[in-house]
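Trainee: Build me a model from this:
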Amino acid sequence: MSTVRPASPDVEQQDIDEARAFNTQLEALIATQPPVYELPPDVTRKARREGKGVFPAPVFLEAARDIAITGRGGSIKVRVIRPDRKPVGIYVHIHGGGWTLGGHDMQDLALKLLANETGLCAASIGYRLAPENPYPAGPDDCEDAVLDLLEHGAEQLDAPAWFAIGGESAGAHLAVVTLLRLRDRHGIKDRIAAANLVYGAYDMNGTPSQLLWGDRNLVLSTPIIHWFGNNFLPGVGVEQRRDPDISPLYARLGDMPPALFSVGTMDCLIDDSLFMAERWRLAGNRAEVAVYPEGVHGFNQYPTGLARKANARQFEFLRNSLT
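Mentor: Numbers count the residues shown, from 1 in each chain. Purely as a prediction, here's the structure:
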């Protein structure tokens, strides 16, 4: 069964108006900075860690801790953030950043809120980044980390062995790829109970909304998407990019967990969520879709009413999945 709701029922016109005004300010700020593809990735990574990019400055919580998991490519850091009460399960998180930017330790506040609102212990995977480590390094790390967490996470994290997975942007892509690898390579079909997929990219050749968006930079643009994709998949041609391990939109999607797909109308990845959610449903899974008017890529990370309500919808989905 698929449920499509334009947004959370409590999204009001004032939330939409606020988001539209915020987008104007955001676009003006972005225009003062060079496009991300004109800078070396390590320069942008450093700037974002220092709060100099287009996203709020990260806050690193003292209560968070890193554990290390051994993967085929070496040690994988996993950031553990516990709720203030006894955990009821584990939320495996995969961060975004176009497979190039971001970090497992840069969402502490967001994951702490999620942990407290759902009771889940968050475990965020520090996968290897492109272009230094292109495909399949990132997916391999996510696969290895999740396999280890499924086997040892309950003991390591002192939490019940109930699992959900989720991520934003490239992290949502990696979450779906990981679910497919668990099913196809390891026969694991029902250990993960829910997937929280936020404005993911699922077709590495480009959906219509990706290709038609153009140069307008609202966090993403068509050239920025191409740059990220080429970092992740250097020298990989059109036919190869249709491999479901690269573009999960082309996968057989049976035996996937219930999923919530969240995306904004001002996000050039909107078609990815809409198309994937429908294929998810047609494969016999439960899919919910929440589309947020005026939501840009990354909108739920900004201090707006639209963001708060989108995040509350995700928390509700995860809580309901526990019952």
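Trainee: use CA for all of it now, contacts and neighbours both
Mentor: Noted.
Trainee: buried residues in stretch 209-228?
Mentor: 210-211, 213, 217-228 (16 or more other CA atoms under 10 Å).
Trainee: nearest to Met266, of those?
Mentor: Nearest to Met266 among the buried residues of stretch 209-228 is Leu218, at 7.9 Å by CA to CA.
Trainee: Could you measure from the closest one over to Gln301?
Mentor: 14 Å (CA to CA, to the nearest Å).
Trainee: likewise Leu249?
Mentor: Distance, Leu249 to Gln301, using CA to CA: 25 Å.
Trainee: Report the contact partners of Arg194.
Mentor: Residue 194: Ala, not Arg. 163-165, 257-259, 318, 321 (CA atoms under 8 Å, 6 or more residues apart in numbering).
Trainee: run the last query once more with 10 Å
Mentor: Residues near Ala194 by CA atoms under 10 Å, 6 or more residues apart in numbering: 91, 162-166, 256-260, 286, 317-318, 320-322.
Trainee: give me the beta-bridge partners of it?
Mentor: Per DSSP bridges, residues listed as beta-bridge partners of Ala194: Ala164.
Trainee: What's the biggest strand in the protein, counting residues?
Mentor: strand 287-296 (DSSP state E).
Trainee: Following element in sequence after it, please.
Mentor: Going down the chain from strand 287-296, the next helix or strand is helix 305-322, by DSSP states H and E.
Trainee: For the helix or strand harbouring Ala19, enumerate the helices and strands it packs against.
Mentor: Using DSSP H and E, Ala19 sits within helix 13-31. Judged by 3 or more CA pairs under 10 Å, 6 or more residues apart in numbering; DSSP states H and E, helix 13-31 is in contact with strand 287-296, helix 305-322.
Trainee: Can I get those in a markdown table including distance to Pro58, mean pLDDT and mean neighbour count?
Mentor: Shown next, in a markdown table, are the helices and strands packed on helix 13-31 (distance: least, CA to CA, whole Å; pLDDT from 0 to 100; neighbours: other CA atoms under 10 Å):
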| stretch | distance to Pro58 | mean pLDDT | mean neighbour count |
| --- | --- | --- | --- |
| strand 287-296 | 19 | 98 | 23 |
| helix 305-322 | 17 | 98 | 19 |
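Trainee: out of these, nearest to His104?
Mentor: That would be helix 305-322 among the helices and strands packed on helix 13-31, by CA to CA, at 18.9 Å.
Trainee: Which secondary structure elements does that closest one sit against?
Mentor: helix 13-31, helix 108-118, strand 120-126, strand 163-168, strand 192-198, strand 259-266, strand 287-296.
Trainee: what about 7 Å?
Mentor: helix 13-31, helix 108-118, strand 192-198 (3 or more CA pairs under 7 Å, 6 or more residues apart in numbering; DSSP states H and E).
Trainee: ok, and what's touching the longest one?
Mentor: The reference is to helix 13-31. For helix 13-31, the external contacting residues (CA atoms under 7 Å, 6 or more residues apart in numbering) are 54, 217-218, 293-295, 304-306.
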